[in-house]
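1. 3D model of this:
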Amino acid sequence: MRVHHVALIVADADVEACARFYRDVLGLRSLDAPRDGVAWLDLDGAILMIEPAGGGVARAADRGTFVLALAIDAGERASWETRLRSRGIAIEQQTAYSMYVRDPSGNRVALSHYPVAS
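-> Model prediction:
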């Protein structure tokens with residue numbers, strides 16, 4: 001089984017700001033969305049759906065209640081740190097295998113890797 005989609009529920013005014021974050025900062029490619037007012041992005045074969053809380057799909061209380069963890073290569077971690085900081089994005093927490101940031105709507109996003117087998 002694989003991931004089909006992840007839906008982020010954001011304030012109505014945050015849809016485009018969040019889409020820009022995922023496109024411009026994290027490098028995801030935009031997909032054609034089936035309706036106006038939402039943004040869909042390619043997650044390497046799965047779909048990241050950015051949905052407005054007032055759009056009837058979800059309630060405002062559902063915003064920001066989980067972590068979206070995206071895979072990075074361990075060898076690219078330093079370049080991701082540089083990229084995030086150069087865009088003014090705070091890394092709010094780090095573990096041995098993940099860096100945590102927030103998108104413009106406050107959703108927690110992890111850039112994660114596993115140790116390389118030796």
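2. ok, residues contacting stretch 27-37?
-> With contact meaning CB atoms under 8 Å, 6 or more residues apart in numbering, stretch 27-37 is reached by 12, 15, 19, 22-23, 39-43, 47-49, 52, 55. Heads up, the C-betas are built off the backbone N, CA and C, glycines and all.
3. what's the closest of those to A74?
-> Of all the contacts of stretch 27-37, L43 has the smallest distance to A74: 19.6 Å, by CB to CB.
4. who are the contact partners of the closest one?
-> Contacts of L43 by CB under 8 Å, 6+ apart are V3, H5, V6, L28, L70.
5. tell me the secondary structure at the first one.
-> The one in question is V3. coil (DSSP: H, G, I helix; E, B strand; the rest coil).
6. before we move on, what about the one 3 residues further on?
-> Three-state assignment for V6 (three-state DSSP): strand.
7. so it sits against E51, correct?
-> No - using CB atoms under 8 Å, V6 makes no contact with E51, being 10.5 Å away.
8. more neighbours, those two?
-> The residue with more neighbours, out of V6 and E51, is E51; 23 against 16, by other CB atoms under 10 Å.
9. quick check, the more buried one in a strand?
-> Yes - the assignment for E51 by three-state DSSP puts it in a strand.
10. touching, it and H5? I think so.
-> No - taking contacts as CB under 8 Å, E51 lies outside contact range of H5: 10.3 Å.
11. quick one on the thing from earlier: quick one: which of the contacts of stretch 27-37 is nearest D103?
-> Y22 (7.1 Å).
12. leaving out the residues flanking it, which one is nearest to D73?
-> Excluding the flanking residues, the one nearest D73 by CB to CB, 6 or more residues apart in numbering is H113, at 6.2 Å.
13. where along the protein do the helices fall?
-> Using DSSP state H, the helices found in the chain span residues 15-20, 77-86.
14. quick check: bridge partners of L43?
-> A46 (DSSP bridges).
15. quick one on the thing from earlier: mean neighbour count, distance to Q93 and mean pLDDT added to the helices of the chain, as CSV?
-> Below are those laid out as CSV (neighbours: other CB atoms under 10 Å; distance: least, CB to CB, whole Å; pLDDT from 0 to 100):
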stretch, mean neighbour count, distance to Q93, mean pLDDT
helix 15-20, 18, 20, 94
helix 77-86, 13, 13, 96
